[in-house]
Every structure is written in structure tokens, then in C-alpha cells.
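Novice: What follows is a predicted protein model with its sequence.
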Amino acid sequence: MCGEKQTRRIALMAASTLLSMPLLAADNRDGQHISQLEKVMVSATRMDTDIDNVARPIAVVEKQEIQTLQAKSVAEVLRYQSNVTVAGGPRSGQQSINIRGLSDEKVLQVIDGVRQGFDSGHRPDYFLDPELLKSVEVVKGPVSSLWGSGAIGGVVSQQTIDAGDLLNLNQDIGGFVKTSYNNNNDQSTTSSGLAGRTDSIDWLLSGYYRDSNDSKLGNGDDLGNSATRDYGVLAKAEWQIDDAQSVGFNYRMAEVNGAVPNNGAAAVDTSNFVINRQQETSTFALEYGLNTDSPLLNSQAKVYWNTIEMAESRVTDGRFDETELDVFGVQLTNQSDLDGVTLLYGFDGYREEFNALRSGANRPLPPEAETDIWGAFLQANIDLNDAWRVELAGRYDDFATESKNLNIKRSENEFSPSAALVWQTTDWLELALRHDRAFRAPGSEELYTTGTHFCIGPPFGCNTFISNPNLKPEQAANTELLAKMRFANVFTNDELRINASVFKNKVDDFIEQIVTGPSFVPFPNAGTSTWQNVSKAELKGFEVAADYQLENLRLKLAYGQVRGEDDQTGRDLSNIPADTWTADLSYAFLNDQLTAGVRVIDAASQNKKPSTDNNDYDGYTVGDIYASWQPQAMENLKVGLTVNNITDKHYRRAFEELFEAGREVIVSVRYDF
């Protein structure tokens, strides 16, 4: 019955859209409207561009919406976007992002233009706190033609706040102080920022501190070992040397402390033991910009260093682990604008140095490894005439990795092409057909891990890791049809935007951990574990998102559907998100002093799953309300209220082991000066 309801909803929405198109197109001819949706600029495509000019499926969450969400993680910021779901359960430090059925290391993340990544066992890999966010952009589908390895599922680009976000046009110095409280886990958060401006230099210093207890689930139970204490700082400065040249500095540091399960996405048991974890991350970036009067020269050069350190000790016996990743990188890009042609080209290179210490007997032995990846890319946007344009792109990457402790080396190269044909059919409809290829190079842990995976005991002994330095890169080939519709004066002085896309992404050489054993023949043994290229997959689906504004009223409505199956056996894949509707309705009262709204997520039950998965993933509907008040008498003061899961529903997302947090009442007060 649930599937029939979803089908009727889709049909109704499609019919309504099709029936209204002639009227909408006719009304749009006069071009007069008052309620205009704001212009959105994006940078995830490596070129600062109006989102209306991007022929890719892309979603953006900006600062104002981030503030009303009051999310605990970057993943939660994106939970209302079509075909984008939160993975990793309710522990915010463990959450990551699933895009169209692909997640973890198959989705590349970028912060302020710098690649981020960390792949080690069940440890976290998203480290930026929402308190420092200005915007988040999601490019759905393969993007290796621009970003190289890792972007086979998409790219999550995160932008942090800068001085311009804290200063008015006539301010030389200013800032903010903010405090918030979440009643679900007694989470208190304090953040502040100070920014300044001179004739040639802008600077910013911002930080936050957070302390929380265990979260409560919808059934009233506590989620054990979900309490954390963390803090972080962000420092930025930009020196405008002259009209053409600038130098920028960016430093970010965060530390998280808490007693958490070894696998934060699962419940605590004898095999998922509790550890004390101290997690430290930092990033340093230095950027030089050259933007001359010549349309041929608009260049950026950037060097960066990322470091991630995790110190862990088992609570029961104090057994100590240490994991460290250092990444050193450089980026060089230039944009040239010719008559009807825009060229973006550049060079990326980075080195990863991975080191780990595992104490105690019968442990996994991660490698002491170095990985070098170097790539060059070119993207050309070509206007053929007023109605047609072509986008062509290609990137060549060379990667080599070495395990010093095993004295094993391997190297390989990949070429990632991309092509799109864009047709502006009318003033209100743009169609694009595109094809993108992408790859992900296997990580050093997948290639070189040895040692013990787990022990069963006599007579079997221990299951051991076998290194596999011959792993092939994962490959993706995505074909997609996109439609953008823009209407003015639909009923009166209003505006409506609709984005829709249909896609098919074929992913080959999936890398999975394969565990064999135990067995009795020819003698009892616990078997082995290794990473292998095991299957070919086909991911297909569609998504539609509508954004309507009438004066102070705004409505967003989106739907996403993904199907995934093994290309060889036809069996359903794991981790495919449920068919999901999202809605966001808001209204601004009292001359914009008060804004209130409601958000709803309606997910269908997920019955398409591997035959080995015996879990039931029921459908659910969860509603949130939010409000922000900025009194006219104290315009520098802003009070926010968010109530998540207002009905205190006990639910879990498809393919997750843990249930989600229950009702959360979050109150915040911010003062700008």
C-alpha cells in the first residue's frame, strides 16, 4: 500500500506540473514579478558561477537555512535535499553523507576548496563543525573530471564563514556571540567570532565550545556513549596587495573527546567495545590570487596541509591505538574567457602519509604508507549560439602508493572525461544531457593491511588480514538528463523554480572487504580477510525539487528515488536510500522580524535489500518546526527555536543499525556587534 501511495503522489505531482506549463510559460512573457528567489553562487564546480548556469545536479544550503536547522553535523545540514541522506546513525561525530546510494570514501568532501579525507576502519571522516559553516554544496554524481580520485558518488563542498559574513559595508570591526541549548542531550554550545577590515586586509577569528550528554531516542532510552566534548577555532586573513593580486591565509583546528564505541554506527557489545577517543584535526592553507584586466588570466595557487590524529584507549584494559594521516597538497588553476568560450584548467597534486600504532596481541597491522596523486584537468564551456552550448572536460591522474613496512609499491593512471549538451529550449526551460566518468584509487589500508582481524578461539584461532596490492580503482560512468524550469507570475507576483533529473550510474570494481571462514577442512582455521574488487553495480533513479516564493511565503518540495542492483546477479544492493519526500514551508511576519516554518520528511519502507539482510526498514514521517525572531527594537539580537522530531517518533533510516534521536528542542541566542 505504501508503494501505491508513493506512485500516486509522483503521478499527481507530474500531472500538475505538466498541466500548468502552458499557463506558466504564457504568464512569464511579461517578465514582471516582485517575489524573486535570491541569486545563488556556487564554487563546487571549481568556478564561481550562478547556480542557474551549472548543468549539473547540484543542491545548496546557505547560511540562513543552516542557522534555522541548528544541525549537529554537516550531514544533518543536508538531510532535506533530494537523494541525499545521513549515514552512520545518530551519533553526530560518526555521521557521513550518502548520495544516490554511494557514501563514505566514494563521496569526496572539500572544505574551502581543499580536499579532505580519512579512511581508517570505523573511524569518523567528517570533521567540520556546523558552527563554522557559511554554505554547503552537493554535486550529485561523478565529478572526477574536475576533482580526481574519490568523486564517483559526488562532491560535498563546505564553505566556512569569512570576515564579510560578520561585517556590514561600513564596519571596520565587528563580530558575534552565540549560545544554544539542546534539551535532548543537554548539549550546550557557545560560539563567537571577531572580524576586522582595513583598506587592504580582512581578517577573522572564530571559535566554538560544545559539551553534551548521551542522546535520548524516541522510545525514551539513552543512546549510550554518545556524549562528547569538543571545541575548535578558525582563523582567516586576506591581503589585497593591489587591484589584481591577493594573498589569503586559512587555519582551522578542532578537538573532540569522548568515550565512544569502536564502531560509532553500531550498538555497544562484546565485539564493539568502548574506547576513550581524543580526535585532533587541523588544516593550514595559503592562497595566492591573480585577477588581471585580461580575460585570459584569472589564476589561483594554493598550498595546504591537513593532519588528523586519533588517540584511542580501550576502557576495559587501556589498550592503546594511535592513527595519523598527513596530507600535503598544491593546486594551480586558471580561467580564460574568450569569445563564447570559457576555459578552466589546472593542476593538482597531493601526498598522503599514513601511520598507525596498534598495541596488544592479535591486532590489525595498518601499513606505514605514502600515496602520491598528481592530476591535470581542462574544462571548456562553449556557446554554440543563443540556445545551445557544450561542456567538455577531461582530467588525467597518476597515482602511486608504497607500503614501507611491507616494501610493496604500485602505480597506475586514469583519465576521467565528461561531456554535456545544453539546450535552452525556451525562456523557461533548459535541458541538459551529460555523461561523466570517475574513479577512486584504493586506499593504503585496503591495499596493505595485515595482522589479525578477529579471534574465535580453539580450535580455530584467529582470522587474519591478507594484503592485496593488486586492487583496481573503482570506476563510475553516469549518464543523466536534467531539466531546469523557471517561471514568474505563476498566479500573481511570485516565482517558481523546478529542477529535475533522471540518471543511471554504472559502477565497476567495487572494493569490498571479504571475510572467509571459519572452516574445518583440511584442518580447523578461522579464515582470512582481504579487500577485493567484487562486483559491478547499476544505480538509477530520479529526483525533482521545486522552490516557490510569494512575497513572504516560501515553499520547498522535493522527491528522490534510487534503485541499485548487482549488474551480474540482479540482486538488490545495500545502502540504497528509501524513496523520500521532503517539504519546507515558511513565512515571514511583522516586517520580517519573525520567521516561522515547518519541515517534513516522509520516507517509504525499504524492502529492496540484499537477501542476507534480515532487518525491517519501516517507513516513517518526521516533522520539525522552527522560528527565528529579530526584534526591531534590538536588531542586533536574534533568537532561534528549532524542534526536531516534534512527535518524538522512534525510527531509523534504511540500512542503519541504530534508531535516531527523539524530540530535540533547541534554543539559541545570537548577538551581532
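Specialist: Happy to help now that I have it.

Novice: CA atoms for contacts and neighbours, from now on please.
Specialist: Noted.

Novice: residues making contact with stretch 637-645?
Specialist: Residues from elsewhere that reach stretch 637-645, judged by C-alpha atoms under 8 Å, 6 or more residues apart in numbering: 68-70, 622-631, 662-672.

Novice: so what's Gln278 closest to, chain neighbours aside?
Specialist: Once flanking residues are discounted, Gln278 sits nearest to Asn257: 4.7 Å by C-alpha to C-alpha, 6 or more residues apart in numbering.

Novice: how near is that neighbour to Gly93?
Specialist: 10 Å (C-alpha to C-alpha, to the nearest Å).

Novice: rewinding a little: can you tell me which of the contacts of stretch 637-645 are buried?
Specialist: 68-70, 622-630, 662-672 (16 or more other C-alpha atoms under 10 Å).

Novice: which ones among those are found in strands?
Specialist: 622-629, 664-672 (DSSP state E).

Novice: Give me the neighbour count for Leu384.
Specialist: 12 (other C-alpha atoms under 10 Å).

Novice: scratch that, Lys302 is what I was asking about
Specialist: Lys302 is flanked by 20 other residues according to other C-alpha under 10 Å.

Novice: Confirm for me that it is in contact with Gln331.
Specialist: Yes: using C-alpha atoms under 8 Å, Lys302 is in contact with Gln331, at 5.0 Å.

Novice: Please list all residues in contact with the residue nearest to the spatial centre of the chain.
Specialist: The residue lying closest to the centre of the chain (C-alpha atoms, centre = their mean) is Val156, at 3.7 Å. By C-alpha under 8 Å, 6+ apart, Val156 lies in contact with Ala44, Val107, Leu108, Gln109, Val110, Val136, Glu137, Val138, Val139.

Novice: For it, what is the enclosing helix or strand?
Specialist: strand 154-160 (DSSP states H and E).

Novice: ok, then the element right after that strand?
Specialist: Next in line after strand 154-160, if elements are assigned by DSSP H and E, sits helix 163-166.

Novice: which residues touch that next one?
Specialist: Against helix 163-166 from outside (C-alpha under 8 Å, 6+ apart): 174-176, 193-197, 202-204, 236, 672.

Novice: Now the phi/psi pair for the residue located most distally from the centre of the chain, please.
Specialist: Taking C-alpha atoms, centre = their mean, the residue of the chain most remote from its mean C-alpha position is Pro522, at 47.6 Å. Per-residue torsions, Pro522: phi -80, psi -10 (degrees, to the nearest 10).

Novice: And for Ile66?
Specialist: phi -60, psi -40.

Novice: Next one: it from Ile201, what distance?
Specialist: Ile66 is 28 Å from Ile201, by C-alpha to C-alpha.

Novice: what's the answer for Ala75, then?
Specialist: 33 Å.

Novice: Neighbour count for the two, which is higher?
Specialist: Under the neighbour definition other C-alpha under 10 Å, Ala75 and Ile201 were set side by side, and Ala75 has more, 24 against 15.

Novice: buried sites along the helix or strand that contains that one?
Specialist: In the assignment (DSSP H and E), Ala75 maps to helix 74-77. The neighbour-count check on helix 74-77 (16+ other C-alpha under 10 Å) flags Val74, Ala75, Glu76, Val77 as buried.

Novice: Check the contact between the second one and Gly88; I expect there is one.
Specialist: In other words, Ala75. No: in this structure Ala75 lies outside contact range of Gly88 using C-alpha under 8 Å: 9.6 Å.

Novice: Done for today, thanks.
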